[in-house]
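> Sharing a model prediction with you, sequence too.
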Amino acid sequence: MESDKPRTNGLRVAVLGCGSVGSQVVRLLDEQAGDLAARVGAPVELVGVAVRRLDAHRDVEVPEGLLTTDATALVARDDVDLVVEVIGGIEPARSLILAALENGKSVVSANKALLAEDGPTLFEAADKAGRDLYYEAAVAGAIPILRPLRESLAGDRVTRVLGIVNGTTNFILDKMDTSGAGFAEALEEAQELGYAEADPTADVEGFDAAAKAAILASLAFHTRVTASDVHREGISEVTAADVQSAREMNSVVKLLAICELREGEDGQGAVAVRVHPAMIPRSHPLASVREAYNAVFVESDAAGQLMFYGPGAGGSPTASAVLGDLVTVARNRLADTRGPGESAYADRAVLPMGETVTRYHVAIDVADRAGVLAAVATAFAEHGVSIQTVRQEGRDADAQLVVVSHESTDAQLAATVESLHGMDIVREVTSVMRVEGVAE
Ligand SMILES: NC(=O)c1ccc[n+]([C@@H]2O[C@H](COP(=O)([O-])OP(=O)(O)OC[C@H]3O[C@@H](n4cnc5c(N)ncnc54)[C@H](O)[C@@H]3O)[C@@H](O)[C@H]2O)c1
Ligand SMILES: N[C@@H](CCO)C(=O)O
Ligand code: NA
């Protein structure tokens, strides 16, 4: 890489953070400089890289003189037009993005945690500055999904977004399905292979997926949805018995991010946004998403069903999405324009989980005697839950009933399970899992 290029009248880029993603952004900016200049219509030149430590070993060679530990000074420099934020976390990323916008820079970020927690503050700052804030890499890495929602489907009405948006948990659940392993064993393998971090909480407890769900729902339904609006359950409680129960139903367990538009009498509707493990039939397109891959399934009025699939993580794939955004904001900059800002005009209510409509699969170890099936059916009926199918497995001491409900509110279904726990004839409720992707 050359560091002593003559100053051009192209676009000058500062990259904040040189970790997994940042190092690949720096590499691609160098390797693809010629193509990027041709596509943008002007050279795209790296002028600074903010790092935490100058002496750290990194995956890319950064030209002498470009590294700095003073990110605050970098985003204020007059010779910077575009800022790429790939530090992650809330602070100092938020202050740096806000300062960059205030200083008239266009910003590209991969920071789902920040966008899901405080997106509106950032969007307002971008509006005020009249600059772009793009973040395709924040959801499902390399997969183009935010731009399709924001631009390609802007003329349609999206009703549902169903996604596998966390690679680590998909890897673990896939392992549990294919090998019969328990959660702990599958997590250990994911850690050995470098998919799961030493502290896997953000992934396995669904925080990462919930942040992505908030971003997807905001764009799909033109409504502000933040991470705290998202009902979140992780996969640490998913057992080998749950996965086996799914197999017997010809289904598979996936951690899903589910964003739905619910019709309302006001004509406006409300949105429901949740992340939890769910059973989906093996015939559903999302069931074929294996290992650490991601996929997002979108339903809209005019287009019907669309599926977006690919690598949702990794330095290089994520850098691909960052570079795509960088080209767009650079083109906008040259044309003295900006892309669409936040679209939150619909301002729909976000439903609490209890009012969200779901379906449950419940496996119950029962006493095998006359009247047991009727008693279990009564527990469902008393809470207004209609049963779609029920089947008995085993006999005598091994008797098990497997019930799949029709749609009901989550509160009704949870109350039904609570009642089952208290019944004499129920030895144990062995598996409770929501069911998705099945026609009513
Ligand atoms: N890695 C992925 O697969 C992936 C996928 C999609 C989105 N993202 C997002 O991309 C962002 C970066 O992720 P990553 O995996 O590259 O993380 P990383 O931890 O590998 O890199 C972050 C880098 O920022 C540096 N940093 C921290 N504070 C800094 C500061 N004040 N100034 C300058 N540098 C500082 C760290 O030293 C580190 O090198 C995050 O928002 C993450 O959520 C990552
Ligand atoms: N930890 C995330 C990285 C991408 O956001 C995952 O496992 O999908
Ligand atoms: Na993406």
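Great, that's in hand. Ligands and ions are numbered 1, 2, ... in the order given.
> gap between the strand or helix carrying L28 and the chain center?
Under the criterion of DSSP states H and E, L28 resides in helix 20-31. Centroid separation between helix 20-31 and its chain, computed with C-alpha atoms, centre = their mean, to the nearest Å, is 23 Å.
> mean confidence score for that helix?
Taken as a whole, helix 20-31 has a mean pLDDT of 97.
> OK, contacts around the closest residue to ligand 2 within the stretch 301-440 of the chain?
Closest approach between the stretch 301-440 of the chain and ligand 2, counting by C-beta to the nearest ligand atom: A313, at 3.5 Å. Yep, even glycine has a C-beta here, placed from its N, CA and C like the rest. For A313, the contact set (C-beta atoms under 8 Å, 6 or more residues apart in numbering) comprises 141, 167-168, 292, 294.
> Sort out which one of these lies nearest ligand 3 for me.
G141 (5.6 Å; C-beta to the ion).
> May I have the secondary structure class of that closest one?
coil (DSSP: H, G, I helix; E, B strand; the rest coil).
> right, and it touches A319 too?
No. With contact defined as C-beta atoms under 8 Å, G141 does not reach A319; the gap is 9.3 Å.
> For the residue nearest to the spatial centre of the chain, what is the enclosing helix or strand?
With distances taken as C-alpha atoms, centre = their mean, the residue of the chain nearest its centroid is K212 (3.1 Å). In the assignment (DSSP H and E), K212 maps to helix 207-221.
> got the CA positions of that helix in PDB?
Output of helix 207-221 as PDB, limited to C-alpha atoms (Å, rounded to 0.1, in the frame of the first residue of the first chain):
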ATOM      1  CA  PHE A 207     -29.500  -9.900  22.300                       C
ATOM      2  CA  ASP A 208     -27.700  -9.700  19.000                       C
ATOM      3  CA  ALA A 209     -30.700 -11.100  17.100                       C
ATOM      4  CA  ALA A 210     -33.100  -8.700  19.000                       C
ATOM      5  CA  ALA A 211     -31.000  -5.700  17.900                       C
ATOM      6  CA  LYS A 212     -31.200  -6.900  14.300                       C
ATOM      7  CA  ALA A 213     -35.000  -7.500  14.700                       C
ATOM      8  CA  ALA A 214     -35.500  -3.900  15.900                       C
ATOM      9  CA  ILE A 215     -33.600  -2.600  12.900                       C
ATOM     10  CA  LEU A 216     -35.600  -4.800  10.500                       C
ATOM     11  CA  ALA A 217     -39.000  -4.000  12.000                       C
ATOM     12  CA  SER A 218     -38.300  -0.200  11.900                       C
ATOM     13  CA  LEU A 219     -37.500  -0.300   8.200                       C
ATOM     14  CA  ALA A 220     -40.200  -2.800   7.300                       C
ATOM     15  CA  PHE A 221     -43.000  -1.100   9.100                       C
END
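> I appreciate the help and will end here.
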